[in-house]
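**Q** mind folding the following:
(one chain, ligands or ions: 2)
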Amino acid sequence: MTGRYAADHQRSMNDPNGYWGDAAQDIVWIEPFKKVLDDANPPFYRWFTGGVVNTCYNALDRHVESGRAEQAALIYDSPVTNTKATYSYRQLRDAVALFAGVLADLGVAKGDRVILYMPMVPEAAIAMLACARLGAVHSVVFGGFAANELATRINDAKPKVIVSASCGIEVAKVIPYKHLLDGAIDMATHKPDHCVILQRPMEKASMVAGRDVDWAEAVAKAKPADCVPVAATDPLYILYTSGTTGQPKGVVRDNGGHMVALKKSMKTVYDMDPGDVFWAASDVGWVVGHSYIVYAPLLQGCTTLLYEGKPVGTPDAGAFWRVISEHKVKALFTAPTAFRAIKRDDPNAEFLKKYDMSCFKTLFLAGERCDPDTLNWAETHMKVPVIDHWWQTETGWAICANPMGLERFPVKPGSPTKAVPGWNVQVLDEAHHPAKPGQVGALVMKLPLPPGSLPTLLNADERYIQSYLEEFPGFYKTGDAGFIDEDGYVYVMSRTDDIINVAGHRLSTGGMEEVLASHPDVAECAVIGVADQLKGQLPLGFVVLKAGVAKPHNEIVKEIVALVRDRIGPVAAFKTALVVKRLPKTRSGKILRGTMQKIADQQEYKMPATIDDPAILGEIDEALTIVGYAHGRKE
Ligand code: COA
Ligand code: AMP
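**A** Ligands and ions are numbered 1, 2, ... in the order given. As a prediction, this is how the structure comes out:
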């Protein structure tokens, strides 16, 4: 803690070339970059053009060559399979090089896409790094998504190869993956040449002759592959995230800027030095998993922890403390919902007393708004700084944080503190003017965004502009609303679009509405996010039935709940829908989702001036009361 924040932030704003050019010295370049910030083609900014590099080399080989060969690179801790394993940097490099050899034998080369549909096993990280080694572009699809979502991503990314496993494990449930993979490939118009399947002992996947390859057999025959030089601006990965429709956005990440930003963030934001043990309790299917389970800790020469389990139930609410004390974790990064789950099961943190937590220095929370209760509970019991920080799939690393490696600011509950050096965060009002301190508006970042953030969306430059850059010219729109106080603390209050946040997972209500609307009995529908004590938000559907539908309502509700699970996946946590006679709308026909949500959450709401028929709100209130949501309060 050196109190360097103001000077660093100022330099990153006034002299981005100097600031990021210096940070780039921490990366091993095959050929040096010619430009730090390349602004020749706005709004498509590029970082480190002319540079040639390899991300896998910087994450693994570099450390093997410079004295970390025997240090633990990755610890796998899986209470659901009763397995623990440690890979040294040398072992991980060798495993990655061999699997890169497998992919190369299957025809994967620089620029080819590879989809990974994997549970939380070391092979997921190995496959990601193997792609990086070959200059191939991985796209990891979260295991909780259904076949249809996987098919959408296959069609967009057009992978040459898909890597998957026979199953995932959710607490005590074995979740077979192979029928989902086969179903997705059947549905997709693009077909991969091959699938590599990791057979796990708890479930044997059937193989498609000629297409499917067994992971273990292929590795046994493979020869290690070397790192392939790529341009700093070449894509490292694509990660799909929810937009406002059912078509997810393929966020593209480059190689050079991503490495520079992530490595720097390990010290600036997380205060992690080489050799420290870092644990991001997330999933490789999310951006947190990409950035802070796989790439950043390895780039920094840390030990990363890959945990296949839950905060509770595997086996109890002391699971996180066991992992921290057993593996000497210095910092944990997870979502507030994980702590809400622990607090619910063990309100007085009795389990914590069983473990020596002296190694543990900081808890980082992100992924959703951190409610002050959770923050206070964690601070009280863990007795370490609890750092809320704010970021998005698109940004790849923290926009706002209490930058533990630079300066420690007093925590203000409800705020992820200040803009991290590199980010110019502002609040704009409806007229696009800068908001006053304390005034809520759209949270935006002045362009160009720093390295590591998305350069564009895959196959969709226009959508990139339209989704993020069009509304506030010269700025990137985060889709979050909030304010900045007199001390420069940023507060992130809510989304300005139809995205909801369920257990730290970002989901599109628009995507769910598309599924509901496809039910043959549904004439009209709306999905809103309602407050939930554990998961932050839960989706709730409203459907208006077609005239003459005689089927019992509870049957229709069951069918649409099953439809969302089948089309989007269990991760949507869509469990409830209400059949209503009509939906509240403006006179121009826009559904008043915001007002419905306020009623469900018992917040004050104003009768919208443009409402078509105010009586409908009473009907909605009544329907909500029946399923346990209390009355909204009209101002
Ligand atoms: N593969 C298959 N199914 C999955 C899955 C995966 N990788 N991940 C989740 N699911 C399933 C769950 O089994 C559950 O299914 P169910 O409806 O049959 O019970 C459903 O998807 C919802 O999962 P989840 O939202 O995780 O709820 P949960 O009740 O199982 O657990 C928490 C609740 C709070 C314990 C859990 O969400 C959690 O640990 N969150 C940590 C935060 C986190 O990882 N955030 C990511 C961003 S940092
Ligand atoms: P994702 O892209 O899945 O990481 O989700 C990003 C979104 O999660 C952001 O746009 C916010 O809406 C929300 N979010 C992430 N971190 C925070 C935080 N610390 N506080 C409030 N909201 C957050």
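**Q** which element follows the one helix or strand His179 maps to toward the C-terminus?
**A** Taking DSSP states H and E as the criterion, His179 maps to helix 178-187. In the C-terminal direction, the helix or strand that comes right after helix 178-187 (DSSP H and E) is strand 194-198.
**Q** contacts for that following strand, please.
**A** Contacting residues not belonging to strand 194-198 are listed as 102-103, 106-107, 118, 121, 123, 127, 160-166, 178, 181, 185, 205, 207-208, 211-216, 218 [Cβ atoms under 8 Å, 6 or more residues apart in numbering]. For every residue, glycine as well, the C-beta is placed using N, CA and C.
**Q** try it again with 7 Å
**A** For strand 194-198, the external contacting residues (Cβ atoms under 7 Å, 6 or more residues apart in numbering) are 102, 106, 121, 123, 161-166, 178, 181, 205, 207, 211-215, 218.
**Q** any of those residues buried? List them.
**A** Taking 16 or more other Cβ atoms under 10 Å as the criterion, what is buried in those is 102, 106, 121, 123, 161-166, 178, 181, 205, 212-213, 215, 218.
**Q** so of those residues, which ones are in strands?
**A** 161-165, 212-213 (DSSP state E).
**Q** and these near ligand 1, which?
**A** The subset of those within reach of ligand 1, by Cβ under 6 Å from any ligand atom, is empty.
**Q** quick revisit: ok, is the helix holding His179 in contact with ligand 1 or not?
**A** No: with Cβ under 6 Å from any ligand atom as the measure, helix 178-187 is seen stopping short of ligand 1, the closest distance being 9.2 Å.
**Q** from the contact counts, what lies against that helix?
**A** Helices and strands touching helix 178-187, by 3 or more Cβ pairs under 7 Å, 6 or more residues apart in numbering; DSSP states H and E, are helix 147-157.
**Q** got the domain boundaries for the protein?
**A** Under the assignment named as automatic domain parsing, the residue ranges that make up the domains of the chain are 4-309+389-475, 499-630.
**Q** let's test this: mean pLDDT of the helix or strand hosting Val251, rounded?
**A** Assigned by DSSP H and E, Val251 belongs to strand 249-254. In this model, strand 249-254 carries a mean pLDDT of 97.
**Q** neighbours of Gln533, just the number please.
**A** When neighbours are defined as other Cβ atoms under 10 Å, Gln533 has 11 of them.
**Q** before we move on, which element is the residue nearest to it when sequence neighbours are not counted in?
**A** Distances taken as Cβ to Cβ, 6 or more residues apart in numbering put Arg340 closest to Gln533, at 7.0 Å, once the chain neighbours are dropped. Take DSSP H and E as the rule and Arg340 turns out to sit in helix 336-345.
**Q** for that helix, the distance to its chain's centre please.
**A** Computed by Cα atoms, centre = their mean, to the nearest Å, the chain-centroid distance of helix 336-345 equals 19 Å.
**Q** any residue of it touching ligand 1?
**A** Yes: legend: contact between helix 336-345 and ligand 1 by Cβ under 6 Å from any ligand atom is shown at 337-338, 341.
**Q** check which residues of stretch 585-592 are buried.
**A** Neighbour-count burial for stretch 585-592, counted by 16+ other Cβ under 10 Å, picks out 585, 591-592.
**Q** so which bits of this protein are right by ligand 2?
**A** Applying Cβ under 6 Å from any ligand atom, one finds that the chain approaches ligand 2 through 241, 287, 366-370, 388-393, 416, 478-480, 492, 495, 501, 506.
**Q** nearest to ligand 1: which residue in the stretch 351-500 of the chain?
**A** With Cβ to the nearest ligand atom as the measure, the residue in the stretch 351-500 of the chain that lies nearest ligand 1 is Gly367; the distance is 3.8 Å.
**Q** name the SS class of that residue, please.
**A** Under DSSP: H, G, I helix; E, B strand; the rest coil, the three-state class of Gly367 is coil.
**Q** now go through the residues of the chain next to ligand 2 and say which are in helices.
**A** Residues from those lying in helices, with DSSP state H as the criterion: Val287.
**Q** mind listing which of the residues of the chain next to ligand 2 are in strands?
**A** The strands, defined by DSSP E, take in 241, 388, 478-480, 492, 495, 501, 506 from those.
**Q** pick out the most distant pair among these.
**A** Within these, Thr241 and Asp388 form the most distant pair, 20.7 Å apart (Cβ to Cβ).
**Q** quick one: which of those two has more around it?
**A** Asp388 (27 against 19).
**Q** in the stretch 401-550 of the chain, what residue lies closest to ligand 2?
**A** Relative to ligand 2, the nearest point of the stretch 401-550 of the chain is Arg506 (3.3 Å; Cβ to the nearest ligand atom).
**Q** quick one, what contacts that residue?
**A** 241-242, 499.
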